[in-house]
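> Below: sequence and its predicted model.
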Amino acid sequence: MIFYFSGTGNSRWIAEQLAEAQHETLLFIPECMRNESYQFTLQAQEKIGFVFPIYSWGPPAIVLDFIRRLQFLNYQHHYLFFVCSCGDDVGLTEDVFVKLIRSKGWGCDAGFSVAMPNNYVLLPGFDVDPKVLEEKKRHDAMDVLEKINESIERREKLFRCHKGTFPWLKTRLINPLFNRRPIDTRRFLATDACIGCARCVKSCPVQNISLVHGKPVWGENCTSCLACYHVCPQQAVQYGSRTKGKGRYFFPLS
Ligand SMILES: Cc1cc2nc3c(=O)[nH]c(=O)nc-3n(C[C@H](O)[C@H](O)[C@H](O)COP(=O)(O)O)c2cc1C
């Protein structure tokens, strides 16, 4: 059983690769939450996986919230792992995740990070990767994922996460500030270039966007995933002036 969250497709791709190789069922966390599905029965040899992007050097709030509510029937020290996708580094995500899993009475056996194209663009100095780097990251990720799959197959107890520099500062100081001040959805807007195609509506994992008179309108229940911004074929979605001139990225759909 692999639970995943993804905004712009990187983590979805990873989750799909893992589910296929490990012959595990794939479950999209926002869909489970919409259906109020929090209780799952485990098979004897089943592995439990969590795949998610890194948001401000920690797991996204929606993932933590989901795990807090999650319950397993038949849990008997099943092999449990996480794989997170990041643009650069993950800080002390491993500690945050393992602590939460332990607080549930479960054990976390393994954790991995995979560098993928960056999708964070909301602060000055942050932008998507140049195309060459984007392609290199996706190419390198295939090898990394193959090794991760081998480790999971062997049920290895192993943590291979790229913490980066100043991990304590990033996860213990910056991450709580990030989570305390959720994204202000009133700043999202669609410029005159919007053609009302509703791609932003469909890409929102938590159905927070609706089309009103042919234009997107954002509700308050936002995960900060930026799928709506990146998916727009007209580059019409903006976040105030912060995204002006910034690039767009979405995992290529096959
Ligand atoms: C709100 C937000 C915060 C992010 N914070 C980090 C971070 O702290 N470190 C990092 O390396 N990447 C960060 N990123 C980049 C994403 O983790 C990365 O691009 C990820 O692969 C996106 O996954 P997805 O396509 O499944 O949504 C952030 C992205 C967003 C949207």
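Noted; the coordinates are in hand. Residues are numbered from 1 along each chain as shown.
> now residue 168: how far from the ligand?
Distance, residue 168 to the ligand, by Cβ to the nearest ligand atom, to the nearest Å: 14 Å. C-betas here are computed from N, CA, C, even on glycine.
> Sorry, slip of the keys, the one I care about is residue 247.
Taking Cβ to the nearest ligand atom, one finds residue 247 at 12 Å from the ligand.
> which stretch of helix or strand covers the closest residue to that residue other than its chain neighbours?
Sequence neighbours aside, residue 128 is the residue nearest to residue 247 in space, at 3.8 Å (criterion: Cβ to Cβ, 6 or more residues apart in numbering). Under DSSP states H and E, no helix or strand contains residue 128.
> Quickly note the distance from residue 128 to residue 187.
19 Å (Cβ to Cβ, to the nearest Å).
> Could you check which of the two is surrounded by more residues?
residue 128 (20 against 14; other Cβ atoms under 10 Å).
> List the contacts of the residue nearest to residue 247.
Applying Cβ atoms under 8 Å, 6 or more residues apart in numbering to residue 128 gives the contacts 117, 118, 119, 121, 134, 246, 247, 248, 249.
> now could you export just the CA positions of stretch 165-182 as CSV?
Extracted in CSV, the C-alpha atoms of stretch 165-182 (Å, rounded to 0.1, in the frame of the first residue of the first chain):
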residue,chain,number,x,y,z
THR,A,165,23.4,22.6,4.9
PHE,A,166,22.0,24.0,8.2
PRO,A,167,19.3,21.2,8.3
TRP,A,168,18.3,22.1,11.9
LEU,A,169,17.8,25.7,11.1
LYS,A,170,15.7,24.9,8.0
THR,A,171,13.4,22.3,9.6
ARG,A,172,13.2,23.5,13.2
LEU,A,173,13.0,27.2,12.6
ILE,A,174,11.9,28.0,9.0
ASN,A,175,9.5,25.1,8.5
PRO,A,176,7.3,25.9,11.5
LEU,A,177,7.1,29.5,10.3
PHE,A,178,6.1,28.3,6.8
ASN,A,179,3.4,26.0,8.3
ARG,A,180,2.1,28.8,10.6
ARG,A,181,1.6,31.2,7.7
PRO,A,182,-0.4,29.3,5.1
